[in-house]
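In: have a look; sequence and predicted model below, questions after that.
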Amino acid sequence: MGIVVQKYGGSSVADAEGIKRVAQRIVEARKDGNDVVVVVSAMGDSTDELIDLAERVSPLPAPRELDMLLTAGERISMALLAMAIGNLGQEARSFTGSQAGVITDGSHGKAKIIDVTPGRIEQALGTGAVAIVAGFQGVSQDTKDITTLGRGGSDTTAVALAAALKADVCEIYSDVDGVFTADPRIVPTARKQSRISYEEMLEMAACGAKILHLRCVEYARRYDMPIHVRSSFSHHSGTWIADHEAEAEDMEKAIIAGVAHDRSEAKITVVGVPDRVGEAARIFEALSDAQINLDMIVQNVSAAATNLTDISFTLPRSDGQTAMSALSRIQEVVGYDSLLYDDQIGKVSLIGAGMRSHPGVTAKFFAALAAAGVNIEMISTSEIRISVIVDEPQVDDAVSATHRAFDLEAAEVEAVVYGGTGR
């Protein structure tokens, strides 16, 4: 008897009917002879609603209390799901993140998992029960306070539990049938991928693909835990995320895994930075001290006449004003001229492990963007990714043009969004 960990997103348990449908699927998995552990998100948009409620009560809610509030959504889901499974004649026990042994650091709102000690989960499985765990949450190792893992944290909870339990697979259920070559809302003819490597999925998640959270994929790769992304609204096979070399040595790798996009970034340009040793370090140390993660960075060649250069970088749009304030405080020390801020940008990325052995991918990508009239502001590459920054209104055109250029369309429409969020 193997262990299967299943995770259901908010759209899958959005209402009573959805919860009963999920309960039926869980009972079927149990009848197939598997021990089943289930991780659930909050129902529908209830987390957003709780955040809105908190902001109406307090403009700056205390992080500790906000975590206490937000974890209520998953506790509601897990209890209702346990009731629905019980009605089908199968015993189920629900556990909060702390009861399930999810141990985190003390960073409220974006805690990282330190350890998982699933003793109570194993006891429940030993009695033949289905164990249901509230996702997105844990308990601080130091303070013993309740913590949350940040958006997409239920995915990470599921993979961490699967690794700790040495499960056979971690199934991530959402409202789409798998991982597609592009967002179906932009490219209706996007093709479902049957298999993607951890490496490719990490790049796609980092570049804006919403189907899986970045930290979830990192955790899966670290513990070599295969992930099966599929829909809770259908019984179609989804997308397997695993090590290509171990899982599919004899399969020809596709050149391109997909086209991802991200509209959540902003660009800052520090204008007129003196071209002296250490000035760039001062700029990036100030941003590091403000706890800001940067994405793409470009420094221009300094002008010979002035010995000044411009440094541009992208960052999460939500951190834009914090970054501007941090940089303003060091203007006299660094001696730069001014700051430019642009939050009307988007990132479009072409991703595929096959780029390593196929020349001409870069040329085809830029030719497709040029033919679509898309202007490129910044470029960044890795061994299996090319990312560009474009004007936000041109993101859809850039994604569609790139998708067509690399012949990624399906023969017929495969992409169905059964819910509404794509998660």
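Out: Done, it's in. Numbers count the residues shown, from 1 in each chain.
In: just for this protein, where's the confidence low?
Out: Across the chain, the ranges flagged by pLDDT under 70 are 1, 244-254, 412-423.
In: same thing but at 50, please
Out: Segments of the chain classed as low confidence (criterion: pLDDT under 50) are 246-251, 421-423.
In: okay, which residue is most central for it?
Out: residue 213 (2.2 Å; Cα atoms, centre = their mean).
In: what's the closest non-adjacent residue to that one?
Out: Spatial nearest neighbour of residue 213, chain neighbours left out: residue 152 (2.8 Å); criterion: Cβ to Cβ, 6 or more residues apart in numbering. (Each C-beta comes from the backbone N, C-alpha and C, glycine too.)
In: for that neighbour, give me its contacts.
Out: 212, 213, 214, 215, 216, 423 (Cβ atoms under 8 Å, 6 or more residues apart in numbering).
In: hmm, the residue nearest to the centre of the chain is touching residue 157, no?
Out: No. Using Cβ atoms under 8 Å, residue 213 makes no contact with residue 157, being 10.1 Å away.
In: now do the contacts for residue 194.
Out: Contacts here follow Cβ under 8 Å, 6+ apart; on that basis residue 194 touches 178, 237, 239, 240.
In: helix, strand, or coil at the first one?
Out: In the three-state summary, residue 178 is assigned as coil, counting by DSSP: H, G, I helix; E, B strand; the rest coil.
In: now do the last one
Out: Three-state assignment for residue 240 (three-state DSSP): strand.
In: about what we covered before: just the contacts of residue 152: which are in helices?
Out: Counting by DSSP state H, the part of these found in helices is 214, 215, 216.
In: isn't the last one right up against residue 163?
Out: No. Here residue 216 lies out of contact with residue 163, judged by Cβ under 8 Å, at a distance of 11.0 Å.
In: so for the two, which residue has more residues nearby?
Out: Neighbours around residue 216 and residue 163, counted as other Cβ atoms under 10 Å, are more numerous at residue 216. The numbers are 27 against 19.
In: how much space separates residue 297 from residue 283?
Out: According to Cβ to Cβ, to the nearest Å, residue 297 stands 10 Å off from residue 283.
In: need the overlap of contacts for these two.
Out: Residues within reach of residue 297 and of residue 283 at once, by Cβ under 8 Å, 6+ apart, are residue 311.
In: so for these two, which sits in the more crowded spot?
Out: Shown here are residue 297 and residue 283; by other Cβ under 10 Å, residue 283 has more neighbours (21 against 14).
In: could you report the neighbour count for residue 281?
Out: 9.
In: which element is it on?
Out: If you go by DSSP states H and E, residue 281 is part of helix 279-289.
In: can you check residue 291 too?
Out: Going by DSSP H and E, residue 291 is not in any helix or strand.
In: ok, now how distant is it from residue 319?
Out: Look at residue 291 and residue 319: by Cβ to Cβ, they are 8 Å apart.
In: which one's more surrounded, these two?
Out: A side-by-side neighbour count of residue 291 and residue 319, using other Cβ under 10 Å, places residue 319 first with 19 against 11.
In: wait, isn't that one in contact with residue 292?
Out: Yes. Contact between residue 319 and residue 292 holds when scored by Cβ under 8 Å: they sit 4.8 Å apart.
In: next, count neighbours for the closest residue to residue 325 other than its chain neighbours.
Out: For residue 325, the nearest residue in space outside its immediate sequence neighbours is residue 290; the separation is 7.9 Å by Cβ to Cβ, 6+ apart. Counted with other Cβ under 10 Å, the neighbours of residue 290 add up to 14.
In: please tell me I have it right and residue 290 contacts residue 321.
Out: No. Residue 290 is not in contact with residue 321 according to Cβ under 8 Å; the separation is 10.6 Å.
In: residues in contact with the closest residue to residue 226 other than its chain neighbours?
Out: Of all residues beyond its chain neighbours, the one nearest residue 226 is residue 242 (4.2 Å), with distances taken as Cβ to Cβ, 6+ apart. The neighbourhood of residue 242, defined by Cβ under 8 Å, 6+ apart, consists of 195, 197, 198, 226, 227.
In: immediately after the helix or strand in which residue 124 is found, which helix or strand?
Out: Counting by DSSP H and E, the secondary-structure element that holds residue 124 is helix 119-126. Heading C-terminal from helix 119-126, the first helix or strand you meet, by DSSP H and E, is strand 130-134.
In: which SS state does residue 202 fall under?
Out: For residue 202, the assignment made with three-state DSSP gives helix.
In: again with residue 229
Out: Classification of residue 229 using three-state DSSP returns strand.
In: list the contacts of it.
Out: Residue 229 sits in contact with 172, 174, 178, 179, 211, 212, 238, 239, 240, 241, where contact means Cβ under 8 Å, 6+ apart.
In: thanks a lot, catch you later.
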